[in-house]
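> How does the following fold in three dimensions:
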Amino acid sequence: MRRTNKELDKSLSFWIKKVDKVFSQYIRLRDSINGQCQCITCYKIFPIEEVDAGHFMPRSRKATRYDEENVNAQCQSCNRFQNGLQYKYGLELDEKYGKGTSRELMEKSHKFKRFTVIELKELYEYYKEKVNEISNLPD
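The predicted model follows:
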């Protein structure tokens with residue numbers, strides 16, 4: 001039986017939501033120390049439950065949506081109410097990952113990327129495993 005585009009779209013959106021959730025969980029765990037995260041843009045410390053996985057290049061740019069350098073712990077105020085403070089975020093990325101990182105991410109974000117269900121399933125499994133590894137580390 002041949003799948004329709006509608007079924008495929010549903011599958012893609014289903015898997016994107018699953019990957020988004022586990023990827024966000026991974027980023028926040030990766031950037032936490034004893035359940036606390038420092039916002040990449042304002043430097044304030046928050047409980048892990050109160051931070052977002054803030055994107056430098058927006059999630060709508062598929063080529064960088066799941067790029068680990070593009071996404072870092074960011075407080076809800078900076079991420080949601082101050083539009084991510086993109087300029088400051090870019091400066092912090094260059095400090096954290098090396099000069100030119102923000103430019104490379106900007107250029108990468110303009111490349112065309114379309115995910116397949118198979119790619120999304122693989123990403124989900126990959127980040128689920130990383131979350132499990134981090135969660136099982138002693139404090």
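> Look up the closest residue to Asp52, ignoring the ones flanking it.
Of all residues not flanking Asp52 in the chain, Asn79 sits nearest, at 4.5 Å (C-beta to C-beta, 6 or more residues apart in numbering). C-beta: built from backbone N, CA, C; applies to glycine.
> Could you report the neighbour count for that neighbour?
22 (other C-beta atoms under 10 Å).
> Next, count neighbours for the nearest residue to Glu69 once chain neighbours are set aside.
Leaving aside its chain neighbours, Glu69 sits nearest to Tyr97 (5.2 Å; criterion: C-beta to C-beta, 6+ apart). Close neighbours of Tyr97, defined as other C-beta under 10 Å, add up to 16.
> Can you tell me which residue is spatially central in the protein?
Central residue of the chain (C-alpha atoms, centre = their mean): Val71, 4.1 Å from the mean position.
> Residues in a beta bridge with that one, which ones?
His55 (DSSP bridges).
> I'd like the next helix or strand past the longest helix belonging to the chain.
When the chain is parsed with DSSP state H, its longest helix is helix 5-30. Note on helix 5-30: by DSSP states H and E, the next helix or strand toward the C-terminus is strand 32-33.
> Backbone dihedrals for Thr116, both of them.
Per-residue torsions, Thr116: phi -100, psi 160 (degrees, to the nearest 10).
> Could you report the separation of it from Asn132?
Counting by C-beta to C-beta, to the nearest Å, the gap from Thr116 to Asn132 is 24 Å.
> Contacts only, for the residue nearest to the centre of the chain.
Applying C-beta atoms under 8 Å, 6 or more residues apart in numbering to Val71 gives the contacts 23, 27, 53-56.
> what about the helices in the protein?
5-30, 62-65, 76, 86-97, 101-109, 117-135.
> what's near enough to touch the nearest residue to Glu92 once chain neighbours are set aside?
Counting by C-beta to C-beta, 6+ apart, Glu92 lies nearest to Ile40, which is 5.0 Å off, once chain neighbours are set aside. Neighbour list for Ile40: 54, 72-74, 89, 92-93, 96 [criterion: C-beta under 8 Å, 6+ apart].
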